[in-house]
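A.B. asks: return atomic coordinates for the entry below.
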Amino acid sequence: MKIRLASTFVAAAAAFATGCASAPGGMVTGTAPDDPNVARVALALDRYAESMRAMDSERIVATFEEDGAILGPDTPGIKGRPAIRESLESLQGFKVLDHRFRVKATHLDGGVATQDGDFEQSLSTPEGGQVRAHGDFQAVWDRQPDGGWLLRFVYAAPVIDERP
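C.D. replies: Numbers count the residues shown, from 1 in each chain. Predicted coordinates for the structure are as follows:
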């Protein structure tokens, strides 16, 4: 169960840990590709990735709205900043070894941005094992009054291959 939680959390939250280019990949819909908000969402994702690489729980949590959520198919949703913080603390010892992340599409609709894509990643467990995961993800961002973007939710559907 903890490996499923770690893979879902890391896929949904740390999936961005290898960093994304500041320009989004894939198709852009709902707005012109040169809309400055497309680049701002990509930059928000980059900042999130920096937080994950630094293993900075407070910065990771601050990337979410107060009631933001991490969702997965086989785990209960992790909703709200306190629950996300608690989940991060429970996953200490897991490390992202490798990650490939691809944004297939970004859709902007007013103050909401949706990114869809897929990922592959490799994690080490606290016990010294390795977990490989791949799957699809969706990230939904809300534009804030200051023009910044915060995560409403991240959904990941990892397929897990555990190795000793």
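A.B. asks: check contacts around the closest residue to residue 66 other than its chain neighbours.
C.D. replies: If the residues on either side of it in the chain are set aside, residue 66 comes closest to residue 81, at 5.9 Å by C-beta to C-beta, 6 or more residues apart in numbering. Backbone N, C-alpha and C define where each C-beta goes, glycine included. With contacts defined as C-beta atoms under 8 Å, 6 or more residues apart in numbering, residue 81 is in contact with 61, 62, 64, 66, 68.
A.B. asks: out of those residues, which are buried?
C.D. replies: Neighbour counting by 16 or more other C-beta atoms under 10 Å classes 61, 64, 68 among these as buried.
A.B. asks: could you pull out the strands in the chain for me?
C.D. replies: 27-29, 64-72, 75-79, 95-109, 112-124, 130-143, 149-163 (DSSP state E).
A.B. asks: got the ones you listed as a markdown table, with mean pLDDT columns?
C.D. replies: Listed next are those as a markdown table, based on pLDDT from 0 to 100:
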| stretch | mean pLDDT |
| --- | --- |
| strand 27-29 | 78 |
| strand 64-72 | 95 |
| strand 75-79 | 88 |
| strand 95-109 | 81 |
| strand 112-124 | 87 |
| strand 130-143 | 92 |
| strand 149-163 | 87 |
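A.B. asks: would you turn those into a markdown table with distance to residue 35?
C.D. replies: Written out in a markdown table, the entries for these read as follows (distance: least, C-beta to C-beta, whole Å):
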| stretch | distance to residue 35 |
| --- | --- |
| strand 27-29 | 8 |
| strand 64-72 | 22 |
| strand 75-79 | 30 |
| strand 95-109 | 6 |
| strand 112-124 | 10 |
| strand 130-143 | 12 |
| strand 149-163 | 13 |
